[in-house]
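*Asks:* One predicted model, sequence on top.
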Amino acid sequence: MASLGGATASASDAPTASTAPVPLMWKVSDKDNAVYLLGSFHLLRPSDYPLSGDVDAAFADAERVMFELSPEEMQSPAVAQLMMQAATRADGKTLQQDLDADTWKRLEAWSGKNGVLLAPFGRFEPWFVGLTISIVEMTKQGLDPKLGLDNHFMEQAKASGKPTAGLERAQEQIAVLDGMDATEQRQLVAEALEQAEKGSEETARLHDAWRRGDAEMLWTGMAADMRTEYPRLYRRINVDRNDAWIPKIRQILDQPGDDDALVVVGALHLLGEDGVVEKLRARGYKVERVCSACTAGSR
């Protein structure tokens, strides 16, 4: 991911551990029901909880909760096995052959720095290597996938008996990754290495921006530069999936009755002109940012 732009918060602006994160949440509504769109950070720390009252109220108001994947699939060992099967190479090529010389050199440097053997990586396709690099880097900073906002609300929904569903199937999500062409896969590895080379400061800035509910900075830091530098990757993992989700969200809004829903997806999917928020606004729905801590008129 490319470097963050926009205003940088000072230390006095950053939330403390006792301050609830400012939510990246929008309420999309028609004449009789609503969908709350909540931007997730997939790996979080214990200090990111409890959440704000706005988020708790949206969960309480929602009759059902939706995620990128349903809890049943997200938590299924079978899905992890499917991903490993898809990632295991069967083409007889090597990882080094897939990557350009500069990216391979950077990968060697990363593996040496982190004590990661490259030989086992050779069994897998580049997209899986890129994902692994990103997860390793984030967990090094104390971020835990088990504490991600998605997992939190999966547990909350289970405890309260609220129905849950996914916007896509696990096989569809795996197909997005496994269907990447050679250029897109190289971009994914290069983007992951670029973030790793920026170190903990970059991860901290993105995490802090999420905690502040700073949509503009996250758009610049997570999406705008990716769209410019890695356009094919950006379209595959963001735009195409957003477009596939819109009809499913509209179905909730357009159905008779007043049942509301909470939709929890990665923050990237809600931001900018390609995001779900603006795509629904363009289709005529009422859209408002739900954030008591935000400035008036914030979108």
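*Replies:* Perfect, thanks for sending it.

*Asks:* Now do the strands in this structure.
*Replies:* Using DSSP state E, the strands found in the chain span residues 25-29, 34-40, 64-67, 164-166, 261-266, 286-289.

*Asks:* show me the contacts for the residue nearest the centre of the chain.
*Replies:* Centroid-nearest residue in the chain: residue 266, 2.9 Å away (criterion: C-alpha atoms, centre = their mean). Residue 266 makes contacts with 39-42, 68, as judged by C-beta atoms under 8 Å, 6 or more residues apart in numbering. For every residue, glycine as well, the C-beta is placed using N, CA and C.

*Asks:* For PyMOL, write the select line for the buried members of the residues you listed.
*Replies:* A single PyMOL command selects the buried members of the contacts of residue 266 (16 or more other C-beta atoms under 10 Å):
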select buried, resi 39+40+41+42+68
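
*Asks:* Can I get the contacts of residue 266 in a markdown table including distance to residue 21?
*Replies:* Formatted as a markdown table, those follow (distance: C-beta to C-beta, whole Å):
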| residue | distance to residue 21 |
| --- | --- |
| 39 | 10 |
| 40 | 11 |
| 41 | 9 |
| 42 | 14 |
| 68 | 19 |
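
*Asks:* so which two of the contacts of residue 266 are the farthest from each other?
*Replies:* Greatest spatial distance among the contacts of residue 266 (C-beta to C-beta): 41 and 68, at 13.2 Å.

*Asks:* which one of the strands of the chain lies closest to residue 98?
*Replies:* Closest approach to residue 98 among these (C-beta to C-beta): strand 261-266, 26.0 Å.

*Asks:* shaky segments in the stretch 151-299 of the chain?
*Replies:* When residues are selected by pLDDT under 70, those of the stretch 151-299 of the chain lie in 295-299.

*Asks:* again, only this time at 80
*Replies:* Within the stretch 151-299 of the chain, the stretches falling below the threshold (pLDDT under 80) are 199, 221-222, 257-258, 293-299.

*Asks:* Would you map the helices across it?
*Replies:* Here the stretch 151-299 of the chain has its helices, by DSSP state H, counting those that start in this stretch, at 170-178, 182-212, 215-218, 225-229, 231-234, 240-254, 276-282.

*Asks:* what's the third one packed up against?
*Replies:* Judged by 3 or more C-beta pairs under 8 Å, 6 or more residues apart in numbering; DSSP states H and E, helix 215-218 is in contact with helix 182-212.

*Asks:* same deal with the longest one?
*Replies:* Packing contacts for helix 182-212, counted by 3+ C-beta pairs under 8 Å, 6+ apart, involve helix 95-98, helix 101-114, helix 126-140, helix 215-218, helix 231-234.

*Asks:* Looking at the ones you listed, spot the one closest to residue 168.
*Replies:* helix 126-140 (16.7 Å).

*Asks:* who touches the closest one?
*Replies:* For helix 126-140, using C-beta under 8 Å, 6+ apart, the contacting residues are 43, 83, 87, 95, 98-99, 107, 110, 114, 116, 121, 124, 145, 177-178, 180, 184-186, 188-189, 191-193, 195-196, 200, 203.

*Asks:* Buried subset of those, written for ChimeraX?
*Replies:* Entered in ChimeraX, the line below selects the buried ones among the contacts of helix 126-140, by 16+ other C-beta under 10 Å:
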select :43,83,87,95,98,99,107,110,121,124,177,178,180,184,185,186,188,189,191,192,193,195,196,203
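
*Asks:* got the contact list for the nearest residue to residue 51 once chain neighbours are set aside?
*Replies:* Of all residues not flanking residue 51 in the chain, residue 20 sits nearest, at 5.7 Å (C-beta to C-beta, 6 or more residues apart in numbering). Residue 20 is in contact with 50-53, counting by C-beta under 8 Å, 6+ apart.

*Asks:* that older thread, any chance of CSV for the helices of the stretch 151-299 of the chain, columns distance to residue 157?
*Replies:* Shown next, in CSV, are the helices of the stretch 151-299 of the chain (distance: least, C-beta to C-beta, whole Å):
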stretch, distance to residue 157
helix 170-178, 18
helix 182-212, 21
helix 215-218, 25
helix 225-229, 31
helix 231-234, 30
helix 240-254, 15
helix 276-282, 20
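
*Asks:* Residue 293 is nearest to which of those?
*Replies:* helix 182-212 (9.1 Å).

*Asks:* quick one, that closest one and helix 126-140 angle?
*Replies:* If you take axes from the mean of the first three to the mean of the last three C-alpha atoms, to 10 degrees, helix 182-212 sits at 20 degrees to helix 126-140.

*Asks:* for helix 182-212, the distance to its chain's centre please.
*Replies:* Distance of helix 182-212 from the chain centroid (C-alpha atoms, centre = their mean, to the nearest Å) equals 12 Å.

*Asks:* what separates residue 285 from residue 195, distance-wise?
*Replies:* Using C-beta to C-beta, to the nearest Å, we find residue 285 at a distance of 34 Å from residue 195.
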